[in-house]
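Colleague: 3D model of this:
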Amino acid sequence: MKFATKAQLSLMMFMEFFIWGAWFVTLGTFLGNNLQAKDQEISLAFSTQSFGAIIAPFIVGLIADRFFNAEKILGVIHLIGAALMYGLYQAEGFSSFFPFLLAYMILFMPTLALVNSISFNQMKNPEKEFSVVRVWGTIGWITAGFLISFLGWDSQSGLQEGLLKFTWVMAGTLSFALGLFSFFLPKTPPKAKSSGEFNIRESTGVEALSLLKDKNFAIFFLSSILICIPLAFYYQNTSPFLTEIGLENSTGKMALGQVSEVLFMLALPIFFSRFGVKKTLIVAMAAWAIRYALFAFGDVNEGAWMLLVGIGLHGICYDFFFVSGQIYTDSHAGEKYKSSAQGMITLATYGIGMLIGFWAAGIISNYYTDLTGHHIWKSIWLIPSGISVLVLLFFISLFKEEKKISPN
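Modeller: Below is the predicted model:
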């Protein structure tokens, strides 16, 4: 791949994930602080990610894969997204905010597949080339978090002035820029024109359901859904939690989780090859339980280290479970079900699992709120920690060790 092409794809990834990270991390804090949204309204807002993940295969499959170049669809979506971001910036209450967010996430979630498709189309050896391009997406997310804290939008004074609303302006500006930039990306023609009709069963993962006949894979599949329930607590509650207890520069500190993600991504192939899939997944689920326990007992004074370690565990939680899971799924699927199996896992985790998780997090957060409107965070965090332990015990007892699989 030419250097110029690699630079284009890297910039595309940087902007794609900068846009997402610019508002998603602070969404819960913004809704509670700027729009005075209730916990269950906040969970409904986060659920738009799951709705988008469920609908995404149909949009990508029925439109991008059949009629238009992927880069053009990406450009149009981000231009529309910029307009929706302006609507989100202008919203003065949750009732006017939610329709814009739902529309935006239904459009945005398919772009995660589109940027991958555009990248893979230019690569002769994706196993070696893709990670070099994809890492710029993580850097984009990190940059957005650091920038929000640098500008003081998430500080106590910034929150009092309602400055978090400018995250929508920042994300919208980048969305408009990426929309224009996308039309100059390498051409990625629709697959259906060159390789037959689009198969909706393959795109949504329906064809891969036969893999569940294998008991081990069925245990892994169910564990993947269940572990996404406590995962939703992290995305929905961490920013409001850190803000409410008074941790300064909380968004920048949360970006350390993505720094950890980069570091543990490098360690994963070594750990995976040496210890196998079962031990790798066990470490990931144990890390989730430990993370939430650290949040439960940490504070901004002597216990600040517990908060930072909990954030830093994100690399193990995410890489060791999701990336390992993708490798394990790929090894079980074989050539026939490679695409549909990954689609099935994505639909089950980001769609079903996290949808349940966001709903549960809203109910639990609302229940553990005192008369002054403050959350009883210790009780809230111990619940996802306990769920993680139960999923871990379920997995350990029923999943049988398999021969070691070498990651691509």
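
Colleague: Look up phi and psi at Gly298.
Modeller: As for Gly298, its main-chain torsions (degrees, to the nearest 10) stand at phi -80, psi 160.

Colleague: Nearest residue to it in space, please, no chain neighbours.
Modeller: Nearest non-adjacent residue to Gly298, counting by C-beta to C-beta, 6 or more residues apart in numbering: Met306, 3.3 Å away. Every residue, glycine included, has its C-beta placed from N, CA and C.

Colleague: cool, and Phe183?
Modeller: Gly75 (4.8 Å).

Colleague: check contacts around the one you found.
Modeller: By C-beta atoms under 8 Å, 6 or more residues apart in numbering, the contact list for Gly75 reads Leu178, Gly179, Leu180, Phe181, Ser182, Phe183.

Colleague: Could you rerun that using 7 Å?
Modeller: Gly179, Ser182, Phe183 (C-beta atoms under 7 Å, 6 or more residues apart in numbering).

Colleague: what's the second one in contact with, if anything?
Modeller: Listed by C-beta under 7 Å, 6+ apart, the contact set of Ser182 reads Glu71, Leu74, Gly75, His78.

Colleague: just to revisit the earlier point, run a quick neighbour tally on the residue nearest to Gly298.
Modeller: 17 (other C-beta atoms under 10 Å).

Colleague: Over to it. Which of the three states is it?
Modeller: Of the three states, Met306 takes helix according to DSSP: H, G, I helix; E, B strand; the rest coil.

Colleague: isn't it right up against Val300?
Modeller: No. Counting by C-beta atoms under 7 Å, Met306 does not reach Val300; the two are 10.4 Å apart.

Colleague: hmm, back to that, next secondary structure after the helix or strand encompassing the residue nearest to Phe183?
Modeller: Gly75 is part of helix 70-90, with elements assigned from DSSP states H and E. Sequence-wise, the next helix or strand downstream of helix 70-90 (DSSP H and E) is helix 94-120.

Colleague: Now do the helix or strand just after that following helix against helix 94-120, angle only.
Modeller: Where DSSP H and E defines the elements, the next helix or strand beyond helix 94-120 is helix 126-150. Orientation check (axes from the mean of the first three to the mean of the last three C-alpha atoms, to 10 degrees): helix 126-150 against helix 94-120 gives 150 degrees.

Colleague: all strands for the stretch 251-400 of the chain, in order.
Modeller: Using DSSP state E, counting those that start in this stretch, the stretch 251-400 of the chain contains no strands.

Colleague: shaky segments in this structure?
Modeller: Low-confidence segments of the chain, defined by pLDDT under 70: 57-66, 126-127, 191-208, 334-340, 342-343, 403-408.

Colleague: In this structure, where's the longest helix?
Modeller: The longest helix of the chain (DSSP state H) is helix 256-297.

Colleague: how distant is that one from the center of its chain?
Modeller: Distance of helix 256-297 from its chain centroid, counting by C-alpha atoms, centre = their mean, to the nearest Å, is 16 Å.
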